[in-house]
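[1] Could you look at this predicted model? Sequence included:
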Amino acid sequence: MTIRVLVADDQPAVRRSFRTIIDAQPDLEVVGEAPDGVAALELAAELAPDVVVADIRMPRMDGLELTRRLSDTVRVIVVTTYDLDEYVHTALRSGACGFLLKHAGAGLLAEGIRAAAAGDALISPSVTIRLLRHLTPAQGRTGVAGETLSDRELEIVRLVAQGRSNPEIGSELFISAGTAKTHVANVQRKLGVRNRVGIAAWAWENGHT
């Protein structure tokens, strides 16, 4: 099944580059391009893409607000030139399914799109640990305290924080990938977070790494 992608970036050269990379993949297809957040929001409603790749800094509506508006219905990957952009933390908390640097490379972009479409999350490896360590506890965050998670769920939390995929978690814990996916979903529900990035952030904030 082809994963349909909408690219939102105010720089035409970046949009062309992303389209070239994405369309070269047999399972990915760019279905639309937007020069700003407002246009991206409109195109997302019209085209119903599987994944939106959005620059964090755009005119009219930035990637942060776009992520907040789309994250309940469309999976969003935030891309930026800066690995510690002040908006990235908030974008991830708003439901972004990944954070990639624009110079991360074609392979990582394609991998990030596939991960988002599958319900996983991917952050550029070069900044994962630094990014999560800079996260501060969210004001008013809902979710349970660590002791209300089972021992197995805390194991899941630690592995998610290390960037492990469901198959890797399954291999580590001698369970199936499907069972790992179920555990991850249960942890998300208990913690009140949107995705695996939220689980990882919670793990760093609460010392479960």
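    In hand now; what should we look at? Numbers count the residues shown, from 1 in each chain.
[2] Check the gap between residue 208 and residue 100 for me.
    Using CB to CB, to the nearest Å, we find residue 208 at a distance of 25 Å from residue 100. All C-beta atoms are positioned from the backbone trio N, CA, C, and that covers glycine.
[3] Sketch out the helices for this structure, chain order is fine.
    For the chain, helices defined by DSSP state H occupy the ranges 12-23, 37-47, 63-70, 88-93, 106-117, 128-134, 151-161, 166-173, 177-191, 196-205.
[4] wait, doesn't residue 65 sit right on residue 36?
    No: here residue 65 does not reach residue 36: they are 10.9 Å apart, not a contact under CB atoms under 8 Å.
[5] picking that back up, same drill for residue 208 and residue 100, tell me which one is more crowded.
    Neighbour count, other CB atoms under 10 Å: between residue 208 and residue 100, residue 100 has more, with 22 against 17.
[6] pretty sure that one is touching residue 112, no?
    Yes: using CB under 8 Å, residue 100 makes contact with residue 112 at a distance of 5.2 Å.
[7] hey, which helix or strand in the protein has the poorest pLDDT?
    Lowest on mean pLDDT, DSSP states H and E among the helices and strands of the chain sits helix 128-134, with a mean of 54.
[8] Could you find the residue nearest the spatial middle of this protein?
    The chain has residue 97 as the residue nearest its centroid, 1.6 Å off, counting by CA atoms, centre = their mean.
[9] how close does that residue sit to residue 50?
    11 Å.
[10] quick one: common contacting residues for these two?
    residue 75 (CB atoms under 8 Å, 6 or more residues apart in numbering).
[11] confidence score at the closest residue to residue 200 other than its chain neighbours?
    Once flanking residues are discounted, residue 200 sits nearest to residue 161: 4.3 Å by CB to CB, 6 or more residues apart in numbering. pLDDT for residue 161: 81.
[12] Distance of residue 161 relative to residue 204?
    Residue 161 is 6 Å from residue 204, where distance means CB to CB.
[13] Between these two, tell me which one has more neighbours.
    Set residue 161 next to residue 204 and count neighbours by other CB under 10 Å: residue 161 wins out with 21 against 18.
[14] ok, so what distance separates the more buried one from residue 29?
    Applying CB to CB, the value for residue 161 to residue 29 is 32 Å.
[15] Pull the contacting residues for the closest residue to residue 188 other than its chain neighbours.
    Distances taken as CB to CB, 6+ apart place residue 199 nearest to residue 188, at 6.4 Å, with adjacent residues excluded. By CB under 8 Å, 6+ apart, the residues touching residue 199 are 157, 160, 161, 184, 187, 188, 191, 193.
[16] Kindly recompute the last result at 7 Å.
    Counting by CB atoms under 7 Å, 6 or more residues apart in numbering, residue 199 makes contact with 157, 160, 187, 188, 191, 193.
[17] count of residues packed around the closest residue to residue 59 other than its chain neighbours?
    Nearest non-adjacent residue to residue 59, counting by CB to CB, 6+ apart: residue 36, 4.8 Å away. By the criterion of other CB under 10 Å, residue 36 has 18 neighbours.
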